[in-house]
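K.L.:
Show me the folded form of this:
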Amino acid sequence: MEVMPEIVQRRSVRSFTSQPVEKEQIERIIEAGRLAPSAKNRQEWRFIYIQKKETRQKMMEAAFSQDYVGQAPVIVAVCTTNIDYRMPNGQASYPIDLAFAASHMVLQAVHEGLGTCCITTFDEQEVRDVLTAPFSMRIVLLILIGYANETPEPTPRKSLKLVSGKDHW
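P.N.:
Presented below is the predicted three-dimensional model:
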């Protein structure tokens, strides 16, 4: 099994077709997130997917009216059910846990032939209200999922030499 093709193909898509995403595809994408690693295997997450057009419209408004948010046929709200747990190194676990889960979901979406875009530019309280999420839950990011209307060009990446080291800085 090789994952590198999906990693290389992944792009932030900001233009989606109206073609619906199949229920089985969504379930596989959510399942990929569920299988991600988490601190002490606590799995303190909740993935809420939105397909109804009216709800996606409200999510777009909560995302400061970014058109492509409402255009995506599926929006996954990636949430945590516990913001208090800290790992032994002192860092909160939920941002790391949710980043793993979101990465798994994005790569599965690419594998399914879909485009994605992760966004954090939204009013969390408005999104919480739209989704009727409990006050204690944090909504950390949204993943837009759908068929890409166009394939964005790759964005420049720093060389491996600039971002890695061996045995020391």
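
K.L.:
in the chain, which spans are helices?
P.N.:
4-9, 23-34, 53-62, 67-71, 94-111, 124-131, 160-163 (DSSP state H).

K.L.:
Just list the residues touching the most centrally placed residue in the chain, thanks.
P.N.:
Nearest to the mean C-alpha position of the chain, by Cα atoms, centre = their mean, lies I143 at 3.5 Å. Counting by Cβ atoms under 8 Å, 6 or more residues apart in numbering, I143 touches I75, V76, V78, A102, M105, V106, A109, T116, C117, C118. Bear in mind the C-beta positions are built from the backbone N, C-alpha and C, glycine included.

K.L.:
what do you get for R10?
P.N.:
So R10 contacts V106, L107, V110, T116 (Cβ under 8 Å, 6+ apart).

K.L.:
switch to 10 Å and redo it
P.N.:
Residues in contact with R10 (Cβ atoms under 10 Å, 6 or more residues apart in numbering) are S103, V106, L107, A109, V110, G115, T116, P154.

K.L.:
need these in TSV with distance to L131, pLDDT and neighbour count, can you?
P.N.:
TSV is the format used below for the contacts of R10 (distance: Cβ to Cβ, whole Å; pLDDT from 0 to 100; neighbours: other Cβ atoms under 10 Å):
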residue	distance to L131	pLDDT	neighbour count
S103	22	98	16
V106	20	98	25
L107	24	98	19
A109	20	98	27
V110	25	97	20
G115	23	97	26
T116	19	97	26
P154	33	86	10
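
K.L.:
Quick check: of those residues, which lies closest to K58?
P.N.:
T116 (20.4 Å; Cβ to Cβ).

K.L.:
burial measure for V74, as a count.
P.N.:
21 (other Cβ atoms under 10 Å).

K.L.:
what's the spacing between it and Q25?
P.N.:
According to Cβ to Cβ, to the nearest Å, V74 stands 9 Å off from Q25.

K.L.:
what's the overlap in contacts for those two?
P.N.:
Taking Cβ under 10 Å, 6+ apart as the criterion, V74 and Q25 both touch A109, L114, I145.

K.L.:
and the last one, what is it in contact with?
P.N.:
If a contact means Cβ under 10 Å, 6+ apart, then I145 has 13, 16, 21, 25-26, 29, 49, 51, 72-76, 105-106, 108-109, 112, 114-117 as its contacts.

K.L.:
any idea how far A109 is from it?
P.N.:
5 Å.

K.L.:
Common neighbours of those two, please.
P.N.:
With Cβ under 10 Å, 6+ apart, I145 and A109 have common neighbours V13, V21, Q25, I26, I29, V74, V76, G115, T116.
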